[in-house]
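Q: Give me coordinates for this.
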Amino acid sequence: MQTSPARLYTPQFFLLCLSHVLFAGSFNMIVPELPAYLSALGGEDYKGLIIAFFTLTAGLSRPFSGKLTDTVGRVPVMIFGTLVCVLCSLLYPLLTSVAGFLLLRLFHGFSTGFKPTASSAYVADIAPAYRRGEAMGILGVSMNVGASIFPPVGSWLAGAFSLNVMFFASSGLALLSVLILLGLEETLESRQRFNAAALKVSRKEIIEPRALAPSVVIALSYVSFGALLTIVPDQSDHLGMANKGLFFTSFTALSVLSRIIAGRVSDRYGRVPVLKAALLLSALALALMGNAQSPAMLLAASGFLGFSTGIVGPAAFAWVIDRSPDAHRGRALATAYIALEIGIGFGALASAWAYDNDAANFPFAFYLMALMALAAWGYVQAARLRG
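A: From the prediction side, this is the model:
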């Protein structure tokens with residue numbers, strides 16, 4: 001395992017971040033159009049499953065991606081996850097039944113089950129230990145740049161051309177990400193060849209105990225993101241916002257801004273104090289989203305939420321790395337990402353249930369999400385966690 005690297009901003013780091021931008025752009029650019037697409041297929045009552053199914057397989061695959069990241073290597077796991085995006089986006093135009101669509105969402109979830117786990121471990125390998133918060137923040141910025149730029153592009157492609165063109169463009173972005181990853185140097189020194197035994201995960205290999213405390217905070221704080229992906233497209237329609245991808249742009253643009261500084265702040269002042277402040281801001285932002293009465297108000301509230309969650313991410317994941325043994329870094333990050341997927345999946349299902357396809361229920365849905373952020377803050381306070 002590489003230890004104590006001297007610099008953060010190396011060609012390896014920049015190439016990894018670029019691959020992350022394209023990867024995030026690939027699966028995020030189609031999200032704003034999926035609720036309407038599923039409704040057109042006759043699956044209006046299953047909107048909550050669009051994100052829930054995606055996160056289900058992402059979460060279930062984390063123990064495997066964590067073990068493979070620590071044994072086979074970071075780069076092969078990243079490539080596999082990105083290739084899933086390439087294939088799935090090509091299959092959306094072919095599977096045009098509700099059952100086929102939902103099955104494909106299940107398979108598509110393997111992409112985020114593998115790529116981010118290995119990418120985070122790769123960054124932890126090449127970043128100086130005293131700049132981990134900053135490094136995780138910049139990796140998060142990369143994810144958010146992709147999630148910010150490409151959803152409006154996807155909505156524009158769907159409107160100006162067709163949904164199929166949007167799906168093909170999504171596949172193309174993922175393919176470009178794979179080509180970049182092929183040029184990265186592997187950072188895991190003691191590698192093993194892939195074999196069937198590598199897919200056998202014992203009960204002890206599923207969860208890294210030292211990552212549990214940060215993971216609880218991650219799960220509760222990312223519930224709001226499940227709601228954002230599930231019901232905000234409908235909220236945008238209700239408020240008359242023509243391009244549903246714009247709320248993603250507002251959310252992620254402010255998230256990028258906060259991530260640039262948040263990682264350094266948590267490196268200096270500690271993970272827990274930064275997390276507690278950000279969780280309170282998230283709860284306030286969610287309450288504001290529930291009361292948005294115009295596109296401008298929705299964009300402002302989603303930007304505020306993006307700013308606060310952009311602080312949570314780098315601090316929480318750097319905290320995971322700080323607490324975990326180097327030899328189990330992939331497992332620790334997999335534990336954190338399992339928590340993230342649980343949070344997003346629960347948020348998708350809970351917000352869809354609370355919303356119930358009735359615009360009058362938007363405040364209730366977002367107040368429920370705000371309670372989850374407050375629960376995360378309460379957990380940190382009650383447990384007297386330090387970090």
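
Q: rest of the way, CA atoms for contacts and neighbours
A: Fine.

Q: give me phi/psi at Lys244?
A: Dihedral pair for Lys244: phi -70, psi -10, per degrees, to the nearest 10.

Q: repeat for Ala292
A: In terms of degrees, to the nearest 10, the main-chain angles of Ala292 are phi -60, psi 130.

Q: How much space separates it from Trp353?
A: 20 Å (Cα to Cα, to the nearest Å).

Q: Lowest mean pLDDT among the helices and strands of this structure, which one is it?
A: With mean pLDDT, DSSP states H and E as the measure, the helix or strand of the chain carrying the lowest mean pLDDT is helix 246-269 (a mean of 80).

Q: can you list the residues that contact that helix?
A: With contacts defined as Cα atoms under 8 Å, 6 or more residues apart in numbering, helix 246-269 is touched by 130-138, 140-141, 144-145, 147-149, 151-152, 232, 236, 274, 298-300, 302-311, 314-315.

Q: Give me the below-cutoff pLDDT ranges for the chain.
A: Scanning the chain for pLDDT under 70 picks out the ranges 1-6, 197-199, 202-203, 383-387.

Q: Compare Ala292 and Trp353 (neighbour count), which wins?
A: For Ala292 against Trp353, the residue with the higher neighbour count under other Cα atoms under 10 Å is Ala292, and the figures read 19 against 15.

Q: unless I'm mixing things up, the more buried one is touching Leu286, no?
A: No - counting by Cα atoms under 8 Å, Ala292 stays clear of Leu286, with 10.0 Å between them.

Q: For those two, list the residues in contact with both.
A: Residues touching both Ala292 and Leu286 (Cα under 8 Å, 6+ apart): Ala301.

Q: which of the contacts of helix 246-269 count as buried?
A: Burial by neighbour count, judged by 16 or more other Cα atoms under 10 Å, picks out 131-138, 140-141, 144-145, 147-149, 151-152, 232, 236, 274, 298-300, 302-311, 314-315 from the contacts of helix 246-269.

Q: Among those, name the ones in strands.
A: Within these, membership in strands is found for no residue, as judged by DSSP state E.

Q: Restricted to helices, list these.
A: Counted as lying in helices by DSSP state H, out of these, are 132-138, 140-141, 144-145, 147-149, 151-152, 232, 236, 274, 298-300, 302-311, 314-315.

Q: residues contacting Cys85?
A: Contacts of Cys85 were listed using Cα under 8 Å, 6+ apart, and they are 23, 26-27, 108, 111, 170-171, 174.

Q: Next up, the contacts around the nearest residue to Ala24 once chain neighbours are set aside.
A: Spatial nearest neighbour of Ala24, excluding adjacent residues (Cα to Cα, 6 or more residues apart in numbering): Gly146 at 4.9 Å. For Gly146, the set of contacting residues under the criterion of Cα under 8 Å, 6+ apart consists of 20-26, 28.

Q: Let's see that with 7 Å instead.
A: Contacts of Gly146 were listed using Cα atoms under 7 Å, 6 or more residues apart in numbering, and they are 21-22, 24-25.

Q: on that earlier part again, for the least confident helix or strand of the chain, what is the distance to the chain centroid?
A: Helix 246-269 sits 14 Å away from the centroid of its parent chain (Cα atoms, centre = their mean, to the nearest Å).

Q: and if you look at stretch 155-170?
A: On Cα atoms, centre = their mean, the centre of stretch 155-170 falls 22 Å from that of its chain.

Q: cool, and stretch 43-59?
A: The offset between the C-alpha centroid of stretch 43-59 and the centroid of the whole chain comes to 14 Å, using Cα atoms, centre = their mean.

Q: neighbouring contacts of that stretch?
A: When contacts are defined by Cα under 7 Å, 6+ apart, stretch 43-59 is touched by residues 35, 38, 98, 102, 105-110, 112-113, 226, 230, 337-338, 341-342, 344-345, 348-349, 352.

Q: Kindly export that stretch (C-alpha atoms) in CSV.
A: C-alpha atoms of stretch 43-59 as CSV (Å, rounded to 0.1, in the frame of the first residue of the first chain):
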residue,chain,number,x,y,z
GLY,A,43,-45.6,2.7,-14.0
GLU,A,44,-46.6,6.0,-12.3
ASP,A,45,-47.1,4.2,-9.0
TYR,A,46,-43.6,2.9,-9.0
LYS,A,47,-41.6,6.2,-9.1
GLY,A,48,-40.1,5.5,-5.7
LEU,A,49,-38.5,2.4,-7.0
ILE,A,50,-36.5,4.3,-9.7
ILE,A,51,-33.9,5.2,-7.1
ALA,A,52,-34.7,2.6,-4.5
PHE,A,53,-33.9,-0.3,-6.8
PHE,A,54,-30.7,1.4,-8.0
THR,A,55,-29.5,1.9,-4.5
LEU,A,56,-30.5,-1.6,-3.4
THR,A,57,-28.1,-3.4,-5.7
ALA,A,58,-25.5,-0.6,-5.1
GLY,A,59,-25.7,-1.4,-1.4
